[in-house]
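Q: need the 3D shape of this:
(one chain, ligands or ions: 1)
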Amino acid sequence: MAPLSRIGGRALADLLPDLRTMPGPVYSALAHGITSLVLDGRIATETRLPSERELAASLHISRATVTAAYDALRSEGFLASRTGSGSYVTVPAGSQPRPALARWTTRSNEAADVIDLSCAALPAPPDLLPGAMSAAAARLGPYLLGDGYDPAGLPVLREAVAARFTGRGVPTRPEQILVTNGALHGLDLLLRLLLGPGDRAITELPTYPGALDAIRANGGRVVPVPMAPEGGWQVGQLQAGLRQTAARLAFLTPDFHNPTGALVPEAHRREVLAVARQTGTTVVVDESFVDLGFRGNERPTAGIDSSVITVGSLSKAVWGGLRIGWLRASTDLVHRLAALRTSIDMGSPVLEQVVAASLVEQLDDIAARRVAELVPQRDALVAALAQHLPDWRVTVPEGGLSLWAELSSPLSTPLSMLAAQAGVVVVPGSRFGVDGTLERFLRLPYSLPADRLAEAVRRLAGVWAQLDGSGLAARQLVVA
Ligand SMILES: Cc1ncc(COP(=O)(O)O)c(C=O)c1O
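A: So this is what the prediction gives:
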């Protein structure tokens, strides 16, 4: 098996801290620097490292020093070699992430004083759905005369979704829309159709864990491409990933990405799409959060290149419990997906589709009310973190439902375990990556009222103080 991608000497040198400022001999500083980059998800596992000679030249150090660093990495389980494939980074056996939280288990947080920040999703907007449901029920009569099975979706909803795309500058016919049971369902259907065993699928690192699981469940190999430390895409790395791996598909979330909240500028989308066209990679864009922008949006990705497949849903702007989403693709692909669907679930529920058709028409207003609630919640979370956990680094998101905090030590999993005991449920950073990396990060949704968020941060700060003083932080830094 060949490594998934490679990093050059100059690119690696740019990511490393100044080795002279690090304690200990240069070779061990280099080994630690590379280990930290892997564990923080800044270099994806299975990335091939530059040759010793190339890295030595880029860092202006001796080749023997790089050899010693690579030997140290190898002995600690962070570097492996295959004949003909060079040396590629990996993580020691046993550090794979555990599913942090089983959403399929019944939750009973209501009883105890538990603050649940495990999900980037909101309760339904007050008062909206009961009225919408009653109005839809009153319009149900004609539908009841049919058999109720419509694998591509009810025309009324396909029309409403198509009109919304068209209104956003992405001309779309209703036949290009497949109604799904949520955005994840749309992605899964696509993966079933397009991905063969062992096919590679590029994702951002970090990314939505449901997408990672869906790619793997469909036999794909995830090729994670690290996002920029300040948020957004590293265009060069995405382009290199596309060129080097012949990926069948790229799953990307440029509009208020989960977990970082990043919004990718149009120019970066164009540059990545241009290379995906050359490599024949199908680009799937997830617009789950697109309506939750705090300061406007970028041009829709499918408006830049109409061959981009878009998945979206009402789950984030309205309510996940509706289980209504959509997929925009070519008419031909929509036909094939609808046909595939007849062996899976036969279609989405009719009443919810009728409800959704009217909600899609009101989406701008609904989303504007959401945003008006979310901005003070985001600000409250950021302020509480600055007050109680000033050593954590936070980039203030411009939209979406969560922020991605960088902890001062790579202790996200122990933190989440202790936090659960203190009554705060959070998902550790490693769940948003592959191979147990991203332990230095924590996703924090601002989906609760400001006072609950402030209380959650107070509890997390208490737990963090225990962890920081436990010596675990120091030990982890040595291993990591
Ligand atoms: C990026 C992303 N896509 C899809 C989903 C799932 O959406 P849906 O409920 O529409 O299936 C989520 C939920 O968190 C998400 O964050």
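Q: next up, the contacts around G8.
A: P50, E54, S58 (Cβ atoms under 8 Å, 6 or more residues apart in numbering). In short, each C-beta sits where N, CA and C put it, glycine included.
Q: now the first one. Nearest residue, chain neighbours left out?
A: When the adjacent residues along the chain are set aside, P50 lies closest to G9, with 4.1 Å between them (Cβ to Cβ, 6 or more residues apart in numbering).
Q: I figured that neighbour hits E54, correct?
A: Yes. With contact defined as Cβ atoms under 8 Å, G9 counts as touching E54 (4.0 Å).
Q: hmm, back to that, which one of the contacts of G8 is nearest to V170?
A: Among the contacts of G8, P50 lies closest to V170 (Cβ to Cβ), at 41.0 Å.
Q: against Q244, how distant is that closest one?
A: Distance of P50 to Q244, computed by Cβ to Cβ, to the nearest Å: 14 Å.
Q: now the farthest one out in the chain, which residue is it?
A: L145 (41.8 Å; Cα atoms, centre = their mean).
Q: overlap of the contact sets of P50 and Q244?
A: R6.
Q: mind checking which of those two has more residues around it?
A: The residue with more neighbours, out of P50 and Q244, is P50; 22 against 18, by other Cβ atoms under 10 Å.
Q: report the contact partners of that one.
A: So P50 contacts R6, I7, G8, G9, L12, S58 (Cβ under 8 Å, 6+ apart).
Q: can you pull the buried residues of the helix or strand where H32 lies?
A: Applying DSSP states H and E as the criterion places H32 in helix 26-39. Across helix 26-39, burial judged by 16 or more other Cβ atoms under 10 Å covers 26-39.
Q: return the member of those nearest to the ligand.
A: Nearest to the ligand among the buried residues of helix 26-39: L39, at 23.5 Å, using Cβ to the nearest ligand atom.
Q: OK, contacts around the closest one?
A: Applying Cβ under 8 Å, 6+ apart, the residues near L39 are V91, P410, G436, T437, L438, E439, R440, A480.
Q: what's the farthest-apart pair in those residues?
A: Largest pairwise distance in the contacts of L39, by Cβ to Cβ, is 13.7 Å, between V91 and R440.
Q: who's more crowded, these two?
A: R440 (24 against 20).
Q: just the pLDDT at the residue of the stretch 51-200 of the chain found nearest the ligand, thanks.
A: Going by Cβ to the nearest ligand atom, the ligand is nearest to G182 of the stretch 51-200 of the chain, at 2.6 Å. Here the pLDDT value assigned to G182 is 98.
Q: once you drop chain neighbours, what's closest to it?
A: G325 is the one closest to G182 (Cβ to Cβ, 6+ apart), at 4.3 Å.
Q: how close does the one you found get to the ligand?
A: 4 Å (Cβ to the nearest ligand atom, to the nearest Å).
Q: give me every residue that touches that residue.
A: 179-186, 311-315.
Q: now G296
A: So G296 contacts nothing (Cβ under 8 Å, 6+ apart).
Q: quick one: secondary structure of it?
A: coil (DSSP: H, G, I helix; E, B strand; the rest coil).
Q: hang on, A405 in a strand?
A: Yes. Assigned with three-state DSSP, A405 falls within a strand.
Q: what are the phi and psi angles of whichever residue of the stretch 351-480 of the chain sits closest to the ligand?
A: The ligand sits closest to L401 of the stretch 351-480 of the chain, with a gap of 8.1 Å, by Cβ to the nearest ligand atom. In terms of degrees, to the nearest 10, the main-chain angles of L401 are phi -120, psi 0.
Q: that one contacts H257, correct?
A: No. Using Cβ under 8 Å, L401 is not in contact with H257; the gap is 10.8 Å.
Q: what is in contact with the two at once?
A: With Cβ under 8 Å, 6+ apart as the test, L401 and H257 both reach F289.
Q: and stretch 85-97, average pLDDT?
A: 74.
Q: around the ligand, pick out the residues from this structure.
A: When proximity is defined as Cβ under 6 Å from any ligand atom, the chain approaches the ligand at 120, 182-185, 208, 210, 253, 258, 286, 288, 313, 315, 320, 325.
Q: can you tell me which of those are in strands?
A: D286, S313, G325 (DSSP state E).
Q: give me the number of residues near the residue lying closest to G462 once chain neighbours are set aside?
A: Excluding the flanking residues, the one nearest G462 by Cβ to Cβ, 6+ apart is A422, at 6.4 Å. By the criterion of other Cβ under 10 Å, A422 has 15 neighbours.
Q: and if you look at R48?
A: 20.
Q: equivalent analysis for the one 4 residues further on, please.
A: E52 has 19 neighbouring residues, counting by other Cβ under 10 Å.
Q: that one contacts T65, doesn't it?
A: No. Counting by Cβ under 8 Å, E52 stays clear of T65, with 9.1 Å between them.
Q: do a quick rundown of the helices in the stretch 351-480 of the chain.
A: 363-388, 412-421, 450-469, 472-479 (DSSP state H, counting those that start in this stretch).
Q: tabulate those helices (a markdown table), appending mean pLDDT and distance to F294.
A: Converted to a markdown table, the helices of the stretch 351-480 of the chain look like this (pLDDT from 0 to 100; distance: least, Cβ to Cβ, whole Å):
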| stretch | mean pLDDT | distance to F294 |
| --- | --- | --- |
| helix 363-388 | 98 | 6 |
| helix 412-421 | 90 | 26 |
| helix 450-469 | 93 | 16 |
| helix 472-479 | 43 | 34 |
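Q: for the chain, name the helix or strand with the lowest mean pLDDT.
A: helix 472-479 (a mean of 43; mean pLDDT, DSSP states H and E).
Q: who touches the host helix or strand of L157?
A: Following DSSP H and E, one finds L157 within helix 155-167. Under the contact criterion Cβ under 8 Å, 6+ apart, helix 155-167 has outside partners 152, 171-177, 179, 300, 302, 310, 324, 326, 328, 353-354, 356-358, 360-361, 363.
Q: show the buried residues in the residues you listed.
A: Using 16+ other Cβ under 10 Å, the buried ones in the contacts of helix 155-167 are 152, 172, 174, 176-177, 179, 300, 302, 310, 324, 326, 328, 353-354, 356-358, 360, 363.
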